[in-house]
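*Asks:* When you get a sec, could you give me coordinates for this:
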Amino acid sequence: MSQEIFLRNKRFSDINPLLMGSERCAPNHSYGPATREYYLIHYVVSGCGRFFAENETYDVKAGKIFIIRPYEVTTYTADRTNPWHYIWVGFNGEIAKMLDDIKIPVLPYRENTFLDLLSCDKNNMREETVVSKLFEIISNIFDDEGETARYEQLAYDFISSNYMRHIKIEEIAGQLGVNRQYLSRLFKAQYGLTMQDFLIKTRINYAERLLKKGYSVAESAYMVGYEDVFNFSKMFKKHKGLSPSKINGTVI
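*Replies:* Numbering: from 1, shown residues only. I've put the predicted structure just below:
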């Protein structure tokens, strides 16, 4: 038995709900392989099943969600003896893209927010109410995802905010209370470059902006955390392919 709730596409920019509903699946009921142009989250109310995504198989039981992202090819199948009942919601928007950072698309979900979604059908502000619930769902997902899933983001944010200081990678690991090698592996896996390379890249990119605004090479170097102008010039040329003095005062 399935229930679909009609939603109007109001084209909200942050989170834009597109469709939602619930289904009590028959044994072995399967959907897919399929792909979509939006994000889709299923919350399993009862029962269990299997979720297949990106060549991985996940066993999903009651109290868990599985996340489908745009253009991922997925299949999901209800259990033969204990088929699942799930609630689903599809949406897009800028904030929805945060879900791209989730490494494992099956997560426990401790809130009853999905149950609240079904009551939105009786609300004159249906789409707006669903938006508020989606904000809550995404917030809960990142609250519950676990400490290890947040370390690399914290390191990224720390570097982005403190690149102009004389910071060291050991300092970042110390601030987070984790082993440097462990943090480095998490960061590299998430962002594709080391923390040191990200620090250098961030400094050089900001320095380029300052140079284009007319600041001298020495001023730009100092403002992005370099005390040695020669070393700054060397790193700038390595990353940008030309010396900082050739950018200073010019528009490229």
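*Asks:* Quick one: mean pLDDT over stretch 211-229.
*Replies:* The average pLDDT for stretch 211-229 rounds to 92.
*Asks:* now V224: how far from M164?
*Replies:* 6 Å (CB to CB, to the nearest Å). (Glycine included, C-beta is placed from N, CA and C.)
*Asks:* tell me, what's touching the two both at once?
*Replies:* Common contact partners of V224 and M164 (CB atoms under 8 Å, 6 or more residues apart in numbering): R203, Y206.
*Asks:* More neighbours: which of these two?
*Replies:* More crowded of V224 and M164, by other CB atoms under 10 Å: V224, with 21 against 14.
*Asks:* Could you break this structure into its assigned domains?
*Replies:* For the chain, automatic domain parsing gives the domain ranges 2-144, 149-246.
*Asks:* which stretch of helix or strand covers the nearest residue to Q190 once chain neighbours are set aside?
*Replies:* Leaving aside its chain neighbours, Q190 sits nearest to E152 (4.4 Å; criterion: CB to CB, 6 or more residues apart in numbering). Assigned by DSSP states H and E, E152 belongs to helix 148-162.
*Asks:* List the buried residues for that helix?
*Replies:* A149, Y151, E152, L154, A155, Y156, F158, I159, N162 (16 or more other CB atoms under 10 Å).
*Asks:* Dump these into JSON lines; add pLDDT and distance to R8 as well.
*Replies:* JSON lines is the format used below for the buried residues of helix 148-162 (pLDDT from 0 to 100; distance: CB to CB, whole Å):
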{"residue": "A149", "pLDDT": "49", "distance to R8": "34"}
{"residue": "Y151", "pLDDT": "79", "distance to R8": "40"}
{"residue": "E152", "pLDDT": "84", "distance to R8": "38"}
{"residue": "L154", "pLDDT": "86", "distance to R8": "38"}
{"residue": "A155", "pLDDT": "89", "distance to R8": "41"}
{"residue": "Y156", "pLDDT": "89", "distance to R8": "37"}
{"residue": "F158", "pLDDT": "90", "distance to R8": "42"}
{"residue": "I159", "pLDDT": "92", "distance to R8": "42"}
{"residue": "N162", "pLDDT": "91", "distance to R8": "44"}
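*Asks:* ok, so of those residues, who is nearest K234?
*Replies:* I159 (20.6 Å; CB to CB).
*Asks:* Just to check, that closest one is in contact with L199?
*Replies:* Yes. Counting by CB atoms under 8 Å, I159 touches L199, with 5.3 Å between them.
*Asks:* Mind listing the shared neighbours of the two?
*Replies:* Joint contacts of I159 and L199 (CB under 8 Å, 6+ apart) are I167.
*Asks:* Next one: N162 from M195, what distance?
*Replies:* Counting by CB to CB - N162 and M195 are separated by 12 Å.
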